[in-house]
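Q: Kindly generate the corresponding structure for this input.
(one chain, ligands or ions: 3)
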Amino acid sequence: MVVLSRPALDHFSSIKTCKPTAGLFAGIPVVDFADPNAKALITRACQEFGFFKMVNHGIPLATINRLESLAIEFFSLPQSQKDAAGPPDPFGYGNKRIGPNGDIGWIEYLLLHSHKPAAGAGAFFDSRRNFRAAVEEYVAAVKAMTVAVLEAMADGLGIEPRNALSRLVRGEDSDSCLRLNHYPPCPEVQPLTGQNLIGFGEHTDPQIISVLRSNNTTGLQICLRDGTWVSVPPDHSSFFINVGDALQVMTNGRFRSVKHRVLTDPTKSRVSMIYFAGPRMSERIAALGSVMEAGEESRYVEFTWAEYKKSAYKSRLADYRLGQFEKKNIESSPPSRVPNSVS
Ligand SMILES: C=C1C[C@]23C[C@@]1(O)CC[C@H]2[C@@]12CC[C@H](O)[C@@](C)(C(=O)O1)[C@H]2[C@@H]3C(=O)O
Ligand SMILES: O=C(O)CCC(=O)C(=O)O
Ligand SMILES: [Fe+2]
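A: Ligands and ions are numbered 1, 2, ... in the order given. Next up is the predicted model:
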């Protein structure tokens, strides 16, 4: 990875809409997926944080380790070989540049279509059958877990039928993707704040949910509802689930998409693998009828996933992408009643 120039580094410190804090946050909700109460815990976590950690997820460690080892092997290749799998359009290998609108970070990555991993990565997979097989095995396992999580969310919110969310991501035509991120160690700090350099700038994920697994290196931070940034304690044996923008719309604001970012570590590499569960392109994204209280109005104008994606790809990472789909003159706090929720 090439060392970033000073103007590029200066850009990092301009993104700071939340108040900074230090230290690892002990309050991340943890859900044991084998717990009979899991759906209520997931529901509460998604309302309060838009984020939770999942243990007892049932995904074999071997499936995770196999893909992670191949990802590490890939990121260790000479730059010219990695560049041959890029540039990302949006799929493929990317280095420092995130998205098409000038965002940069201390990161290199491989962005893959979940059902067509070879799309966008050129001939990269032709000679790497084992890598492709590892991606397929990982995606199949994480997708099955995603379906189960979305059904637990539907149960928790009293959504009917209970596959109203999970059906969106089941099909081969769902627009889901897998991202393998590598953040090399970075001893440099931000000039004004002294904070570690930004690996991946603040943003919300546009999809329904994102399922994240990382090695044991710190760096992921989430923004709490009061605007405080907190550091998520890493745990390589667990998964972290993010609520995405589309789920915020479908729950009419009951679940909030979580703002998050990644800071680099001065001495350790971070490797993360994220499955972004999205619907098919033509899916209409709107508040689900069964989630609404009598007389409740939808907070967003209806749009298709294709429309949302198109507008997302015109935006910068930190932009508030749902803003242009919000209906004006609807009171700002979301409805509080959630069926089956724990108190
Ligand atoms: C700056 C951008 C990168 C991104 C597309 C976008 O224009 C705005 C959303 C970004 C994001 C964030 C979550 C995922 O990492 C991602 C793949 C996605 O679906 O939306 C990225 C996009 C990307 O890196 O292409
Ligand atoms: O790499 C990580 O831990 C998170 C990255 C992220 O938020 C993303 O790729 O959308
Ligand atoms: Fe993200």
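
Q: use CA for all of it now, contacts and neighbours both
A: Will do.

Q: which residue does the stretch 151-300 of the chain bring closest to ligand 1?
A: Nearest residue of the stretch 151-300 of the chain to ligand 1: D205, at 4.3 Å (C-alpha to the nearest ligand atom).

Q: Report the secondary structure state of the residue in the stretch 201-343 of the chain positioned nearest to ligand 2.
A: Nearest residue of the stretch 201-343 of the chain to ligand 2: S272, at 4.9 Å (C-alpha to the nearest ligand atom). Following DSSP: H, G, I helix; E, B strand; the rest coil, the label given to S272 is strand.

Q: Please report how far the residue nearest to it when sequence neighbours are not counted lies from F240.
A: Closest residue to S272 apart from its sequence neighbours, by C-alpha to C-alpha, 6 or more residues apart in numbering: S214 at 4.0 Å. S214 is 9 Å from F240, where distance means C-alpha to C-alpha, to the nearest Å.

Q: Compare those two (neighbour count), which wins?
A: Using other C-alpha atoms under 10 Å as the criterion, S214 and F240 rank with S214 on top: 25 against 22.

Q: That one contacts I241, correct?
A: No - checked against C-alpha atoms under 8 Å, the pair S214 and I241 is beyond contact range at 11.9 Å.

Q: pLDDT below threshold where in the stretch 101-250 of the chain?
A: Scanning the stretch 101-250 of the chain for pLDDT under 70 picks out the ranges 120, 122.

Q: 80 instead?
A: Along the stretch 101-250 of the chain, the model assigns pLDDT under 80 to residues 117-126.

Q: can you give me the helices for it?
A: Assigned by DSSP state H, counting those that start in this stretch, the stretch 101-250 of the chain shows helices spanning 129-157, 167-170, 245-250.

Q: which helices and strands does the second one pack with?
A: Judged by 3 or more C-alpha pairs under 8 Å, 6 or more residues apart in numbering; DSSP states H and E, the packing partners of helix 167-170 are helix 129-157.

Q: what's the offset of the helix it packs on from the middle of its chain?
A: How far helix 129-157 lies from its chain's middle: 14 Å, per C-alpha atoms, centre = their mean, to the nearest Å.

Q: Now it: buried residues?
A: Going by neighbour count (16 or more other C-alpha atoms under 10 Å), the buried part of helix 129-157 is 131-132, 134-139, 141-143, 145-157.

Q: what packs against it?
A: helix 38-48, helix 61-75, helix 167-170, strand 209-214, strand 270-277.

Q: hmm, try it at 7 Å
A: helix 38-48, helix 61-75 (3 or more C-alpha pairs under 7 Å, 6 or more residues apart in numbering; DSSP states H and E).

Q: Any idea which of those helices gets closest to R167?
A: Shortest distance between R167 and the helices and strands packed on helix 129-157, using C-alpha to C-alpha, is found for helix 38-48: 17.7 Å.

Q: Count the neighbours of V262 for me.
A: V262 has 24 neighbours, counted by other C-alpha under 10 Å.

Q: what distance separates the helix or strand where it lies from the middle of the whole chain?
A: V262 is part of strand 260-263 when elements are defined by DSSP states H and E. On the basis of C-alpha atoms, centre = their mean, strand 260-263 is displaced by 11 Å from the centre of the chain it belongs to.

Q: hmm, back to that, and the residue of the stretch 201-343 of the chain closest to ligand 2, how far from P60?
A: Taking C-alpha to C-alpha as the criterion, S272 is separated from P60 by 17 Å.

Q: Look at those two and report which has more neighbours.
A: For S272 versus P60, neighbours defined as other C-alpha under 10 Å are more numerous around S272 (21 against 11).

Q: OK, contacts around the more buried one?
A: Going by C-alpha atoms under 7 Å, 6 or more residues apart in numbering, S272 touches L180, N181, H182, L212, R213, S214, N215.

Q: what's the first-to-last distance across stretch 231-244?
A: Counting by C-alpha to C-alpha, you get 19 Å between the two ends of stretch 231-244.

Q: I should have written stretch 29-40 there, sorry.
A: 12 Å.

Q: now do stretch 154-169
A: Length of stretch 154-169, first residue to last, C-alpha to C-alpha: 14 Å.

Q: And the residue of the stretch 51-200 of the chain closest to ligand 2?
A: Nearest to ligand 2, among the residues of the stretch 51-200 of the chain, is N181, at 5.4 Å (C-alpha to the nearest ligand atom).

Q: residue contacts, that residue?
A: N181 neighbours (C-alpha under 7 Å, 6+ apart): I107, E108, Y109, L110, V271, S272, M273.

Q: so what's it closest to, chain neighbours aside?
A: Y109 is the one closest to N181 (C-alpha to C-alpha, 6+ apart), at 4.4 Å.

Q: returning to what we had before: without its sequence neighbours, what residue ends up closest to the residue of the stretch 151-300 of the chain closest to ligand 1?
A: Spatial nearest neighbour of D205, chain neighbours left out: G244 (4.9 Å); criterion: C-alpha to C-alpha, 6+ apart.

Q: Look up phi and psi at the one you found.
A: Here is the backbone geometry of G244 (degrees, to the nearest 10): phi -100, psi 170.
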